[in-house]
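# Pasting the sequence and the predicted coordinates here, then a few questions.
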Amino acid sequence: MSAHRLTVAASLLALTFCFSQSALGAEAAPSVLQPMADNDSIGDAAGVVKLDTIPGQTGAAVRLIGIAGSDPAANGLKTYLAFVTPHDSQLFLIGDFLDYRVTASAPGRIELEIDETSVDDAGNLGQATRRANVTWAEMPDQDDPNPVFPATATLTPVN
């Protein structure tokens, strides 16, 4: 298991980018998220500050993890979708936000309300609250030391 996965896994057990315009802009299309590679870093000075266990999922435990370590005035809560089994984990970076709230969930789906820093065309900073859905292919229940995780997840803005 890679170092970043061990760090996140240890934080999960203990608890049970430079900012840019968000992919959740008014005209944004769904974003397909790729799993983090074993050599991707979540940051040396980062710490888990928010953890949400998503109930009612099949297969691996599903969690949203908020990791601080960026500038909190311009977002700063890197938010990850995590699939966790006793044997391994898979992470997807959802985005860099001020905060998020889970408003609903179902198997293979999480509905979010996201607070984020926004930038208008003139370069002025503001704050916006947006809604988005995170979806993935449901996983079968597995008791395997080599679990099969979703290949991708999708972040879709909701108007």
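On my side now, so go ahead.

# where in this structure is pLDDT low?
1-27, 38-46, 70-73, 142-145 (pLDDT under 70).

# can you give me the helices in it?
Applying DSSP state H to the chain gives helices spanning 3-14.

# can you map out the strands along it?
31-33, 47-54, 61-68, 77-84, 89-97, 99-106, 109-119, 125-136, 153-158 (DSSP state E).

# What pairs with the second one, parallel or antiparallel?
To tie it back to what came earlier, the one meant is strand 47-54. The pairing partners recorded for strand 47-54 under DSSP bridges are strand 61-68 (antiparallel).

# just the shortest one next, same as before
Partners of strand 31-33 in the sheet, by DSSP bridges, are strand 153-158 (antiparallel).

# Return the alpha-carbon coordinates of the partner strand using CSV.
Listed next in CSV are the C-alpha coordinates belonging to strand 153-158 (Å, rounded to 0.1, in the frame of the first residue of the first chain):
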residue,chain,number,x,y,z
ALA,A,153,-16.1,8.5,-10.7
THR,A,154,-18.0,11.4,-12.2
LEU,A,155,-18.6,14.8,-10.7
THR,A,156,-21.7,16.4,-12.3
PRO,A,157,-22.9,20.0,-11.5
VAL,A,158,-26.5,20.4,-10.6
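
# Show me what counts as buried in it.
Ala153, Thr154, Leu155, Thr156, Pro157 (16 or more other CB atoms under 10 Å). All C-beta atoms are positioned from the backbone trio N, CA, C, and that covers glycine.

# do stretch 102-116 as well
Within stretch 102-116, the residues that count as buried by 16+ other CB under 10 Å are Ser105, Gly108, Arg109, Ile110, Glu111, Leu112, Ile114, Asp115, Glu116.

# same question, stretch 55-70
Gln57, Gly59, Ala60, Ala61, Val62, Arg63, Leu64, Ile65, Gly66, Ile67, Ser70.

# Pull that stretch out as CSV, backbone CA atoms only.
Only the C-alpha atoms of stretch 55-70 are listed here, as CSV (Å, rounded to 0.1, in the frame of the first residue of the first chain):
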residue,chain,number,x,y,z
PRO,A,55,-24.2,4.8,4.4
GLY,A,56,-26.0,2.3,2.3
GLN,A,57,-23.2,1.5,-0.2
THR,A,58,-22.3,-1.9,-1.5
GLY,A,59,-18.8,-3.4,-1.7
ALA,A,60,-16.1,-1.2,0.0
ALA,A,61,-16.9,1.4,2.6
VAL,A,62,-17.3,4.8,1.0
ARG,A,63,-16.1,8.0,2.6
LEU,A,64,-15.6,11.6,1.8
ILE,A,65,-12.4,13.0,3.3
GLY,A,66,-11.5,16.7,3.6
ILE,A,67,-7.8,17.4,3.9
ALA,A,68,-6.6,20.8,4.9
GLY,A,69,-3.2,22.1,3.9
SER,A,70,-3.9,24.8,1.3
